[in-house]
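# give me the fold of what follows.
(chains A, B, C and D)
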2 protein chains.
Amino acid sequence: MVNVETTTIRKDNPMTLSPNRPPGSTVGRREDGDISLGRIHQRTTPGTVAGVLRTAILDGTLAPGSQLREAHIAADLGVSRAPLREALSILADEGLVVKIAYKGAFVAEVSAKGMAEIASLRKRLEPYAIELALPRLSGAGRTKIVRTLQDMARGADDGDLTRTIDAHMSFHRVIYELSEHGLLLDLWRSWESQLQLFLSADHQSFPDLHDVVAEHERLLTIIDTGDLEAITREIDRHVHGSTDAAPAATTPVDGSQPSNA
Amino acid sequence: MVNVETTTIRKDNPMTLSPNRPPGSTVGRREDGDISLGRIHQRTTPGTVAGVLRTAILDGTLAPGSQLREAHIAADLGVSRAPLREALSILADEGLVVKIAYKGAFVAEVSAKGMAEIASLRKRLEPYAIELALPRLSGAGRTKIVRTLQDMARGADDGDLTRTIDAHMSFHRVIYELSEHGLLLDLWRSWESQLQLFLSADHQSFPDLHDVVAEHERLLTIIDTGDLEAITREIDRHVHGSTDAAPAATTPVDGSQPSNA
DNA sequence: TGTTGATCTATTGTCGACAAGAGGCTCCCG
DNA sequence: CGGGAGCCTCTTGTCGACAATAGATCAACA
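Here you go, the predicted structure:
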């Protein structure tokens, strides 16, 4: 069985969880004179732990299906099981981890069925997100999107799969953000990690990363027309291609094809 | 004293709650009358606790906006804070509770905006759910739906608001279940508690509970035609009426889980 | 008198230890 | 040689205690 023992998560992990400082310590309350206008995001231990584990899962350090043993991981990270458990719950919400009562937490295995389900909902919701975002697709909003395209292109140039995928995710995320629809954005967030995991595992289906860039430039062009029907058609095509193109993923179970219209 | 209910939860002590659905795992399924050897429901303490709190929130015992103090509630229920915290997380997932780091957990306050967001997504997804469910709307599936209508009618006859709302929720849930689309059903579940809370608080907008019954009978009739366009139109009307009819309910509690990226 | 600063308390976050469930293994028995 | 009961161990679930934080209270001071 896959053992987490072999993971690279340890206390010597650079910028995470410095053991020198008591966990849960606040960011800056005392001599934090430079109160910038930016939102201060409170650093919680479970959040940090979840971040470390998320990275480990997405980069393949923690293989799909492997059990995440609380005591072991907690010891590795230098925290107790309480915050670790909460971190696992966070990841479970994101679909990266599956918790089974009295059995444990396991790294999720992306299934073709699961991806198809996500795709089927995206086909119906992403056009709506775009529609809501349309009024904000100029100015600052556009800058954000274009930047993700640039990132994507640079990643493709370097043959950097991770960067390309990150930018890919950012492209879509920005659209959901610009929709200013809280629930929609939440939904995207709940899918993003799984999509990322899936795409990473499925990289061979992208012989040329530049195709990804071209695909999204095309999508943006169509979005710019504001033609909702065309947008819906394109999203349909886009989403279909980016997920259904998948060969057998990881999970063997479930051969039933998701009913797609 | 928040005194949820001075019931004690213990394993050696069969708890006195049942009116609510079995909480907890993502595979919640409760059959009635089904003889098939359904999966055994592992009763977890957090799930049980969540059930008690859910009931208390939905029936108004715990007022929106009130803080849920862990020590007090844990003592009241006879459990320690660990399982209680997990229960709060469950409820947070359902949108009934809002957790703020270092501040605590608060009963969610349903906002008109939040309801409108749910409605906007339902308008786009529920027709899809119905479409997927269509092939299963005869036989056992139909029986289930009709049963919820009967329940609704009985509740209306008795002027029993709670029962009517429960049946109302069941009507829609059955449709999502029959769609056999896991993600869709999960989405409905994540909305159901909030909708229920909203409807309960907004009961005055239902001068005659029989209207609710009539509304759903009409919806079922249109579903039976299988005319997707008509169904979409009807859902649009139905959802719109059942949520937007709301006056400004309460103020929203702005809060999102601080999560590390 | 308004403001700043320290103190104090209620509440959440974290910890280490213990209890209980689950699964594997051995050893007995047919 | 096969089957099953009972241990044995690993892992998760739960607990009570302690640490740290946020917010309120109140005093000192310009």
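
# who touches stretch A:86-102?
A:46-47, A:49-50, A:53-54, A:57-58, A:68, A:70, A:105-108, A:114, A:189-194, A:197, B:24-25, B:42, B:44, B:85-86, B:89, B:93, B:257, B:259 (C-beta atoms under 8 Å, 6 or more residues apart in numbering or on different chains). Where you see a C-beta, it was placed from the backbone N, CA and C, and this is true even at glycine.

# phi first, then psi, for residue A:180.
Main-chain torsions, residue A:180, degrees, to the nearest 10: phi 50, psi 40.

# my read: it touches residue A:135, true?
No - Residue A:180 is not in contact with residue A:135 according to C-beta atoms under 8 Å; the separation is 9.5 Å.

# only alpha carbons, please: show the helix or strand encompassing residue A:92 as CSV.
When elements are assigned from DSSP states H and E, residue A:92 belongs to helix A:81-93. C-alpha atoms of helix A:81-93 as CSV (Å, rounded to 0.1, in the frame of the first residue of the first chain):
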residue,chain,number,x,y,z
ARG,A,81,-3.7,16.2,15.1
ALA,A,82,-6.4,18.8,15.9
PRO,A,83,-5.4,21.4,13.3
LEU,A,84,-4.4,18.7,10.9
ARG,A,85,-7.9,17.2,11.0
GLU,A,86,-9.3,20.5,10.2
ALA,A,87,-7.0,20.9,7.3
LEU,A,88,-8.2,17.5,6.0
SER,A,89,-11.7,18.8,6.2
ILE,A,90,-10.8,21.8,4.1
LEU,A,91,-9.3,19.5,1.5
ALA,A,92,-12.3,17.3,1.7
ASP,A,93,-14.5,20.3,0.8
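
# and the closest residue to DNA strand D within the stretch 51-200 of chain A, how many residues sit next to it?
Per C-beta to the nearest atom of the strand, residue A:104 is where the stretch 51-200 of chain A lies closest to DNA strand D, at 3.1 Å. When neighbours are defined as other C-beta atoms under 10 Å in any protein chain shown, residue A:104 has 14 of them.

# what's the answer for residue A:105, then?
Residue A:105, neighbours per other C-beta under 10 Å, totals 23.

# can you give the distance of whichever strand or helix holds it from its chain's centre?
Assigned by DSSP H and E, residue A:105 belongs to strand A:104-107. Taking C-alpha atoms, centre = their mean, to the nearest Å, one finds strand A:104-107 lying 18 Å from the centre of the chain it belongs to.

# neighbouring strands - and their directions - for it?
Applying DSSP bridges, strand A:104-107 is found paired with strand A:67-68 (antiparallel), strand A:97-100 (antiparallel).

# now the buried members of the contacts of stretch A:86-102.
For the contacts of stretch A:86-102, a neighbour count by 16 or more other C-beta atoms under 10 Å in any protein chain shown gives the buried set as A:46-47, A:49-50, A:53-54, A:57-58, A:68, A:70, A:105-108, A:114, A:190-194, A:197, B:24-25, B:44, B:85-86, B:89, B:93, B:259.

# now do the lengthiest helix in chain A: which elements does it pack against?
In chain A, taking DSSP state H as the definition, the longest helix is helix A:112-133. When contacts are defined as 3 or more C-beta pairs under 8 Å, 6 or more residues apart in numbering or on different chains; DSSP states H and E, helix A:112-133 sits against helix A:161-179, helix A:182-201, helix A:228-243, helix B:112-133, helix B:182-201.

# residues from the stretch 51-200 of chain A in reach of DNA strand C?
A:78-83, A:86, A:102-103 (C-beta under 7 Å from any atom of the strand).

# change it to 6 Å
Contact residues, the stretch 51-200 of chain A versus DNA strand C (C-beta under 6 Å from any atom of the strand): A:79-83, A:102-103.

# right, and residue A:183 touches residue B:124 too?
No - judged on C-beta under 8 Å, residue A:183 makes no contact with residue B:124 at a distance of 11.5 Å.

# these two: which has the busier surroundings?
residue A:183 (20 against 17).

# want to throw the strands paired with strand A:104-107 into JSON lines with mean pLDDT?
Output for those, formatted as JSON lines (pLDDT from 0 to 100):
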{"stretch": "strand A:67-68", "mean pLDDT": "98"}
{"stretch": "strand A:97-100", "mean pLDDT": "97"}
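
# highest average neighbour count across the ones you listed?
Most buried of these, by mean neighbour count (mean count of other C-beta atoms under 10 Å in any protein chain shown): strand A:67-68, with a mean of 20.

# and the stretch 151-261 of chain A, which residues reach DNA strand D?
So the stretch 151-261 of chain A never meets DNA strand D (C-beta under 6 Å from any atom of the strand).

# tell me how far residue A:75 lies from residue A:81.
Applying C-beta to C-beta, to the nearest Å, the value for residue A:75 to residue A:81 is 9 Å.

# for the residue of the stretch 51-200 of chain A closest to DNA strand D, what are its contacts?
A:67-70.

# redo that, cut-off 10 Å
By C-beta atoms under 10 Å, 6 or more residues apart in numbering or on different chains, the contact set of residue A:104 is A:67-70, A:88, A:97-98.

# now, which of the residues you listed sits nearest DNA strand C?
residue A:70 (9.2 Å).

# wait, isn't that closest one in contact with residue A:103?
No - counting by C-beta atoms under 10 Å, residue A:70 does not reach residue A:103; the two are 12.0 Å apart.

# picking up where we left off before, go through the helices and strands packed on helix A:112-133 and find the least confident stretch.
When the helices and strands packed on helix A:112-133 are ranked by mean pLDDT, helix A:228-243 comes last with a mean of 85.

# run the contact check for that helix versus chain B.
No - shown here: helix A:228-243 not in contact with chain B (C-beta under 10 Å from any C-beta of the partner chain), separated by at least 11.2 Å.

# tilt between that helix and helix A:161-179?
150 degrees (axes from the mean of the first three to the mean of the last three C-alpha atoms, to 10 degrees).

# next one: helix A:228-243 to chain centre, how far?
The answer for helix A:228-243 is 20 Å, by C-alpha atoms, centre = their mean.
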